[in-house]
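Asks: output the structure for:
(chains A and B)
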Amino acid sequence: MREITLSQAVNEALAEEMRRDPTTFIIGEDVAEAGTPFKILSGLVEEFGTSRVVDTPIAEPGFMGLAVGAAMTGTRPIVDLMFGDFIFLIMDQLCNQAAKTHYMSGGKMSAPLVLRTNLGATRRSAAQHSQSLHALVAHIPGLKVALPSSAYEAKGLLKTAIRDDNPVVIFEDKLMYQDKAPVPEEEFLIPFGEANIKRDGTDVTLIGTSSMVQVCEKAADLLAAEGISAEVIDPRTIVPLDEATLLASARKTSRVIVVDEGHQSFGVTAEIASRINEKAFYHLDAPALRMGAMDVPVPFSPALEDITVPTPEGVADTARKLMSGEMIDAA
Amino acid sequence: MPHEVIMPVLGMAQDSGLLVTWQKAPGDAVTAEDVLFEVETDKSTMEVPAGADGYISALLAEPGEDVPTGQTIAIISAEKPQAPTMQPAAKPVAQADTPVTKPDAPAPRPPQARKAEAPAGDGRVLASPKARRLAHQAGLDLNRLVAAGHPQPYRAVDIEVLKDLPVAGRNGPDIAPGLFQITASAPRAGTDEFLAWMLEDGGISIAATALWASFAAGAMRRAVPDAGDLTVMLSDLTGATGAVLNPDKTRLLHQVAAPTDAADIVLRDLTGSPITGLRLSADATPVLSIASDGEWLRLSLDFTTGQLDDAAAIALMSGFAERLADPLHHLL
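Replies: Numbers count the residues shown, from 1 in each chain, chains lettered A, B, ... in the order given. Just a heads-up that it's a prediction; the model follows:
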């Protein structure tokens, strides 16, 4: 199968869906000629014109509000938010308006929009351009949240998101745009709420999101060399969450580590670990553990930044502790 | 800010060091390079410098003491201390407002360097939910692992150890050696008809257990010829309900009560309960249980080799069952 970058996969998904559905359009900063700072959208304005690839001023609340209104009135906007950190600027439009449109109109209206943005640290972009804020929106009922872990997921999940009749937020890892993965040429969609078991294992389950799937797979390699069989699961969407697959794995291995790049406290890892502790309690041989980013603003110093995020070595070390029965003092 | 001197880690995998001697006394002035104490590890004895300039305000360990690494053993202060102390293993913070401790005052033991967390002192067993479930499903008691000194917390893998532990663990129930059982059946009608006849013909109302106690004593006296006085203790699931002396020799209406603590045989009445058989721990005497099962009474006799020999036990049970089936046997 051909291999393409995550960036190309996103570009393909957008082009295919825009060809298929004339009500779709892209809106955001530097989305047309510039093609975004990550060069993801290059070529789209040439094919679809400036009426469907709409450059906006640097005014996130404005273009997000515009997109929500457009979605309510019959189009399918695909909003490009240059950095995930800017989500704080559009919280009202996203969480108070788009997320509640279907519910508060008694089902008479909906806001079928996609918000594409990013997450991920270690790009030396400092504290205001390095956050992983997906937990903020996952907390809001009415929003679906997808976290692609490779080019394949990026394409299949984005196409599903664009066809969804309610708002979906997709966080791509900005460090992964140039990562290549096999992606079929023929059309495919990845349904929401279906986790992907990346690797079968029997001793410990590593649940990773976004780029943390790679971290978990590398940790699994380290553990395999020591005879510890790690299962790696990518939930692919955290809302909806494929609880059944995660619980089945937890019951099988009886040990779980949840790895996510958001801050550890009050985050995605806590939610998933808690559900496992609640619903697979009598099958666990150790508490399901969280491994998130350190609860600090992301440092600009490379040496410091690198130690704030989960690493394969750190995940493997934690897995060893679970295997040896060491008492875990929760962080 | 006083400087705390700790027991240093001088070798790989060293948990503690033996304090050989102090080279300074409380109140002495020291410089950072001065040798403060000697410590012995498994490899060598080393002299350790003070590490800070000042005065010895406290020495917190005694020569000869094996001190965990990282534990504070001396305090060096910048100012000359008012009351330098020789205070093994006391907390330095206590110095400010407590009088100088006498050197011979009993000192609390220093906290041990901990590897795994020690089990809570409240008697709870630390075990994973899965381990608890597996133990429960297998009918195993985690306390036996505790008794065997198996380190906590317990995980699923420890249940395999538990399964292999001999049943009579250190704290396990004392199962008497050679516990045997004989079971038998007798029609219920024998008892019912006899009691009905007593009531109709003589106007006498007595409990079935009184009749059974008489039968049990009679059967036992026949089985063990030189039995002498026989006390039959009556019990049910709640425990002893009474005891009678030689009920086979007295009239049913005038059975003689006896203390319940020295019975020769226990008659356990299960007829009012759904339980048809049980074997409980720590029975000091033979136990004859009677359970009802429709038209039948199910009998079981539990005994040990020290209480009855096989022939006597068989004779006892046979005699009892015969009496139940036909009370006239009691008169033969």
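Asks: which residue, other than its chain neighbours, is closest to residue A:279?
Replies: Nearest residue to residue A:279 in three dimensions, chain neighbours excluded: residue A:247, at 5.5 Å (CB to CB, 6 or more residues apart in numbering or on different chains). Bear in mind the C-beta positions are built from the backbone N, C-alpha and C, glycine included.
Asks: I meant residue B:24, not that one.
Replies: residue B:56 (5.2 Å).
Asks: next secondary structure after the helix or strand harbouring the one you found?
Replies: Taking DSSP states H and E as the definition, residue B:56 sits inside strand B:54-59. Under the assignment DSSP H and E, the closest C-terminal helix or strand after strand B:54-59 is strand B:66-68.
Asks: counting contacts, what elements does that following strand pack onto?
Replies: strand B:16-22 (3 or more CB pairs under 8 Å, 6 or more residues apart in numbering or on different chains; DSSP states H and E).
Asks: other residues contacting whichever helix or strand comes after the strand it packs on?
Replies: The element immediately downstream of strand B:16-22 (helix or strand, assigned by DSSP H and E) is strand B:29-30. Identification of contacts with strand B:29-30 by CB atoms under 8 Å, 6 or more residues apart in numbering or on different chains yields B:24, B:36, B:50, B:52, B:53, B:54, B:55, B:56, B:76, B:80.
Asks: wouldn't the fourth one be in contact with residue B:75 here?
Replies: In other words, residue B:52. No - Residue B:52 lies out of contact with residue B:75 (CB atoms under 8 Å); the separation is 9.9 Å.
Asks: could you dump stretch A:81-99 to CSV, C-alpha only?
Replies: C-alpha atoms of stretch A:81-99 as CSV (Å, rounded to 0.1, in the frame of the first residue of the first chain):
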residue,chain,number,x,y,z
LEU,A,81,-7.9,26.7,14.1
MET,A,82,-4.2,27.3,13.6
PHE,A,83,-3.1,26.2,17.1
GLY,A,84,-5.1,24.2,19.6
ASP,A,85,-4.2,26.7,22.2
PHE,A,86,-6.5,29.2,20.5
ILE,A,87,-9.5,27.2,21.5
PHE,A,88,-9.8,29.3,24.6
LEU,A,89,-10.8,32.2,22.2
ILE,A,90,-13.8,30.3,20.7
MET,A,91,-15.2,28.5,23.7
ASP,A,92,-18.5,30.3,23.7
GLN,A,93,-19.1,29.7,20.0
LEU,A,94,-18.1,26.1,20.3
CYS,A,95,-19.4,25.0,23.7
ASN,A,96,-22.4,27.3,24.3
GLN,A,97,-23.6,27.5,20.7
ALA,A,98,-22.6,24.7,18.4
ALA,A,99,-22.6,22.0,21.1
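Asks: and the contacts of it?
Replies: A:28-30, A:36-37, A:60-61, A:64-65, A:67-68, A:71, A:111, A:113, A:115-119, A:125, A:128-134, A:136-137, A:140-143, A:167, A:169, A:171, A:174.
Asks: so what does the helix or strand of chain B with the lowest mean pLDDT touch, helix or strand wise?
Replies: Here the helix or strand of chain B ranked lowest by mean pLDDT, DSSP states H and E is strand B:85-86, holding a mean of 72. Applying 3+ CB pairs under 8 Å, 6+ apart, one finds that strand B:85-86 contacts strand B:54-59.
Asks: mind giving me the packing neighbours of the strand it packs on?
Replies: So strand B:54-59, by 3+ CB pairs under 8 Å, 6+ apart, packs with strand B:29-30, strand B:72-77, strand B:85-86.
Asks: with adjacent residues omitted, what lies nearest to the residue in the stretch 51-200 of chain A that chain B sits nearest to?
Replies: When scored by CB to the nearest CB, the stretch 51-200 of chain A has residue A:200 as its residue closest to chain B, at 19.8 Å. Once flanking residues are discounted, residue A:200 sits nearest to residue A:231: 5.9 Å by CB to CB, 6+ apart.
Asks: show the pLDDT at that neighbour.
Replies: Note on residue A:231: pLDDT of 98.
Asks: show me what contacts residue A:45?
Replies: A:31, A:32, A:33, A:35, A:53.
Asks: wait, the second one sits on residue A:51?
Replies: No - if you go by CB under 8 Å, residue A:32 and residue A:51 don't touch, sitting 10.5 Å apart.
Asks: the residue nearest to residue A:279 is in contact with residue A:276, isn't it?
Replies: Yes - using CB under 8 Å, residue A:247 is in contact with residue A:276, at 6.5 Å.
Asks: looking at those two, which is more packed in?
Replies: Using other CB atoms under 10 Å in any protein chain shown as the criterion, residue A:247 and residue A:276 rank with residue A:276 on top: 25 against 18.
Asks: which helix or strand contains the more buried one?
Replies: helix A:268-279.
Asks: now that helix: mean pLDDT?
Replies: Helix A:268-279 comes out at a mean pLDDT of 97.
Asks: buried residues, that helix. List them.
Replies: By neighbour count on 16 or more other CB atoms under 10 Å in any protein chain shown, the buried set for helix A:268-279 is A:268, A:269, A:270, A:271, A:272, A:273, A:275, A:276, A:277.
Asks: gap between that helix and the chain center?
Replies: 18 Å (CA atoms, centre = their mean, to the nearest Å).
Asks: low-confidence stretches in chain B?
Replies: B:12, B:43, B:87-123, B:167-178, B:279-283 (pLDDT under 70).
Asks: what residues does it put near chain A?
Replies: Listed as neighbours of chain A in chain B under the rule CB under 8 Å from any CB of the partner chain: B:116, B:117, B:128, B:129, B:130, B:131, B:132, B:133, B:153, B:155, B:156, B:157.
Asks: out of those residues, which are inside helices?
Replies: Among the residues of chain B next to chain A, the ones falling in helices (DSSP state H) are B:129, B:130, B:131, B:132, B:133, B:156, B:157.
Asks: rewinding a little: need the buried ones from the contacts of residue A:45 selected in PyMOL.
Replies: Buried members of the contacts of residue A:45, defined by 16+ other CB under 10 Å, are picked up in PyMOL with:
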select buried, chain A and resi 31+32+35+53
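Asks: next step: the contacts of residue A:45 restricted to strands.
Replies: Within the contacts of residue A:45, residues falling in strands by DSSP state E are residue A:53.
Asks: give the buried residues for stretch A:287-298.
Replies: Neighbour count says stretch A:287-298 has A:287, A:288, A:289, A:290, A:291, A:292, A:293, A:294, A:298 buried, by 16+ other CB under 10 Å.
Asks: next: stretch A:199-213.
Replies: Applying 16+ other CB under 10 Å to stretch A:199-213 flags A:199, A:201, A:203-213 as buried.
Asks: could you pull up the mean pLDDT of the longest strand along chain A?
Replies: Ranked by number of residues, the top strand in chain A under DSSP E is strand A:256-263. Averaging pLDDT along strand A:256-263 yields 98.
Asks: what separates that strand from the chain centre, distance-wise?
Replies: Offset of strand A:256-263 from its chain centre (CA atoms, centre = their mean): 12 Å.
Asks: counting by contacts, list what it packs against.
Replies: Packing partners of strand A:256-263 (3+ CB pairs under 8 Å, 6+ apart): helix A:134-138, strand A:204-208, helix A:212-224, helix A:243-253, helix A:268-279, strand A:289-293, helix A:312-324.
Asks: try 7 Å this time
Replies: If contacts are counted by 3 or more CB pairs under 7 Å, 6 or more residues apart in numbering or on different chains; DSSP states H and E, strand A:256-263 sits against strand A:204-208, helix A:212-224, helix A:268-279, strand A:289-293, helix A:312-324.
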